[in-house]
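Asker: Provide a 3D model corresponding to the input given below.
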Amino acid sequence: MPLLHALLRALSAVCLTVLVGCASYIPPGAKADLQAFAPASIQEGFAAKPTSPFPASIAFVRVQGPTYSNYRLPQTGIYGTGRYSVVTTREVEDAAQLERVGKLAQIAGITGINRMLLPAKLEGDREIREAAARLQADLVFLYTFDTAFFESDLSKPLTAITLGFSPTTKVSVATTVSGLLLDTRTGYVYSTYETTKKDSTLATAWGSREAADETRLKNERAAFTQMVDEFANTWPKLLERYAKKS
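Answerer: Here you go, the predicted structure:
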């Protein structure tokens with residue numbers, strides 16, 4: 001009997017190891033193609049003019065690829081079909097960061113856009129600008145996250161990550177957040193932003209999908225913070241160029 005119990009315990013341990021080793025984490029979906037928000041032609045680009053509506057209120061909008069999903073975000077937090085989707089849940093954006101932007105000179109307020117203001121099909125900047133106009137937001141700040149996981153050498157992105165399998169497998173995560181500041185009335189692009197954050201760890205550091213996804217969240221928060229820093233640092237120069245002199 002003791003031998004049988006020992007064998008059963010050993011078999012259970014093997015099964016548990018197999019189950020843990022085979023657990024996998026699926027990285028988040030794709031970024032939005034910001035070309036969808038650019039003028040369709042050179043002529044249209046030059047035709048768009050800044051209205052310089054300062055002091056200005058700003059609508060912050062996170063956009064992602066048309067079929068975006070991630071481990072934690074429920075489908076109720078993602079809206080729209082077409083060329084892009086809108087993430088209506090603030091997943092990595094910290095309230096203090098947005099408050100910091102709201103305290104900058106010549107900013108009258110910060111707001112967000114919810115699904116009730118958007119059409120079901122999203123094809124370009126007009127849908128977002130029309131929603132922002134209904135909120136009386138003078139400017140739109142569009143941003144998108146591009147997060148990918150790589151094994152060791154940062155070559156080809158991983159489509160799935162095996163958790164707790166190899167103690168020597170080093171996994172790196174890279175997040176690039178890109179943003180555009182648009183004039184709500186005309187679609188004129190005032191400025192562009194892009195920051196990147198990278199981190200790495202051993203795959204065995206993640207014993208669960210929750211732990212792996214926490215790495216994504218941490219990296220995206222850091223990248224977003226860097227972009228807010230860039231926005232705040234360059235804002236005075238933007239005002240110097242565009243704000244109407246009294």
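
Asker: Surely G82 touches I128?
Answerer: No - counting by C-beta atoms under 8 Å, G82 sits too far from I128 to count as a contact (11.7 Å). C-beta here means a position set from N, CA and C on the backbone, and glycine is covered the same way.

Asker: more crowded one of these two?
Answerer: I128 (25 against 14; other C-beta atoms under 10 Å).

Asker: Please enumerate the shared neighbours of G82 and I128.
Answerer: Residues touching both G82 and I128 (C-beta atoms under 8 Å, 6 or more residues apart in numbering) are L122.

Asker: May I see the buried residues of the lengthiest helix in the chain?
Answerer: Using DSSP state H to define each element, the chain has its longest helix at helix 209-242. Buried residues in helix 209-242, counting neighbours by 16 or more other C-beta atoms under 10 Å, are found at 209, 212-213, 215-217, 219-228, 230-231, 235, 239, 242.

Asker: can you give me the helices for this structure?
Answerer: Under DSSP H, the chain gives helices at 2-22, 42-47, 95-102, 125-134, 209-242.

Asker: Surely G179 and Y190 touch.
Answerer: No - assessed by C-beta under 8 Å, G179 is found out of contact with Y190, at 11.0 Å.

Asker: Show me which of these two is the more surrounded one.
Answerer: G179 (23 against 16).

Asker: State the pLDDT value of the more buried one.
Answerer: We note a pLDDT of 97 for G179 in this prediction.

Asker: Could you do M1 as well?
Answerer: pLDDT at M1 comes out at 48.

Asker: ok, now F224?
Answerer: In this model, F224 is scored at 97, pLDDT.

Asker: Next: A108.
Answerer: 96.

Asker: residue contacts, it?
Answerer: Contacts of A108 (C-beta under 8 Å, 6+ apart): P55, A56, S57, D138.

Asker: Give me the subset of those residues lying in strands.
Answerer: Here DSSP state E is the test, and those give A56, S57 as lying in strands.

Asker: now the contacts of A108 as JSON lines including pLDDT, neighbour count and distance to R185?
Answerer: As requested, the contacts of A108 are exported to JSON lines (pLDDT from 0 to 100; neighbours: other C-beta atoms under 10 Å; distance: C-beta to C-beta, whole Å):
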{"residue": "P55", "pLDDT": "95", "neighbour count": "13", "distance to R185": "15"}
{"residue": "A56", "pLDDT": "97", "neighbour count": "21", "distance to R185": "11"}
{"residue": "S57", "pLDDT": "97", "neighbour count": "18", "distance to R185": "13"}
{"residue": "D138", "pLDDT": "98", "neighbour count": "22", "distance to R185": "8"}
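
Asker: okay if I get the contacts of A108 as a markdown table plus distance to A23?
Answerer: Below are the contacts of A108 laid out as a markdown table (distance: C-beta to C-beta, whole Å):
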| residue | distance to A23 |
| --- | --- |
| P55 | 51 |
| A56 | 48 |
| S57 | 46 |
| D138 | 48 |
